[in-house]
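# Pasting the sequence and the predicted coordinates here, then a few questions.
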Amino acid sequence: MPITIRELHRWDLTPAEAIALQHELAPQIDTATPLPLDDLRLVGGIDVSVRDNISRAAVVVLSYPALEVVERITAAIPTPFPYIPGLLSFREGAVIVDALRQLRATPDVFIVDGQGIAHPRRIGIASHIGLWIDVPTVGCGKTRLTGTHEPVPPAKGAWTPLIDHGEIIGGVLRTREAVHPVFVSVGNRATLETALELVLRCTTRYRLPEPIRAAHNTAGQSDAAPPGQLPLW
DNA sequence: GCGACAG
DNA sequence: ATCTTGTCGC
């Protein structure tokens, strides 16, 4: 049973229209429903790579708690929008949806490479994608877009709140001892506490959670691609 | 006007 | 994101 995808709007907008749309959509995000952490079966990872003006999206579904790949989908289109901080959705959203339309599995939650509500208008790409599908989403970024935070203790699992204008918009989480923390925030249909717990449970021996690593490797950047990986493209 | 700024 | 080799540290 594939996931549901709703055509909320067109993606080819001007920056001004995109910002207006974000103001309109942000209020629709659900940040109060806990993730079903005790009933997880499948967790999806989403990432996009850009090369020679072509954007490639990768959606990888892993079993939980085994974290083994059960499905891998990709899609590619000419990069439609420039990179503008705060408007990443309009650069990567369309190709991600293209990939999601091909998905056969039904993940319980998706972890997206980027911010959820830890965004100037509280609607980063993880939240935006979350509004298009009937599945919870969590944002996990490698760096900060907005907000401030206290230093994060060095122990794995430690975290400090990411605050913007007095509001807690996410958590800066240490996924590995003495390694740069990641920025976790609610995408849609999740709470910060359960989002942080999900990212921790999906992290094994690396800084980033497995779903994101798998998607990153599949989307392009053959960085830590395990040896022996033959048919990719 | 001057910095900050996911991927 | 992407351009790029070797190198330092746990």
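Here it is on my side, so go on. Since this is a predicted model, take the numbers as computed values, not measurements.

# The residue most central in space within chain A: what's it in contact with?
Geometric centre of chain A, nearest residue: residue A:112, 1.0 Å, by C-alpha atoms, centre = their mean. The contact partners of residue A:112, by C-beta atoms under 8 Å, 6 or more residues apart in numbering, come to A:46, A:47, A:125, A:126, A:129, A:137, A:138, A:139, A:140, A:187. For glycine as for every other residue, the C-beta is placed from the backbone atoms N, C-alpha and C.

# redo that, cut-off 10 Å
Neighbouring residues of residue A:112 by C-beta atoms under 10 Å, 6 or more residues apart in numbering: A:44-48, A:59, A:92, A:96, A:124-130, A:137-141, A:187, A:211-212, A:215.

# how much space between it and residue A:24?
21 Å (C-beta to C-beta, to the nearest Å).

# quick one, strands of chain A?
Assigned by DSSP state E, the strands in chain A fall at A:42-51, A:54-63, A:69-78, A:109-113, A:137-141, A:159-164, A:167-173, A:182-188.

# re earlier: which members of the contacts of residue A:112 additionally contact DNA strand B?
With C-beta under 7 Å from any atom of the strand as the criterion, those include A:47, A:48, A:124, A:125, A:126, A:139, A:141 near DNA strand B.

# Up against DNA strand B, what does chain A have?
A:47-48, A:50, A:83, A:85-89, A:113-115, A:119, A:124-126, A:139, A:141-146.

# from the residues you listed, which would you call buried?
A:47-48, A:86-89, A:113-115, A:119, A:124-126, A:139, A:141, A:145-146 (16 or more other C-beta atoms under 10 Å).
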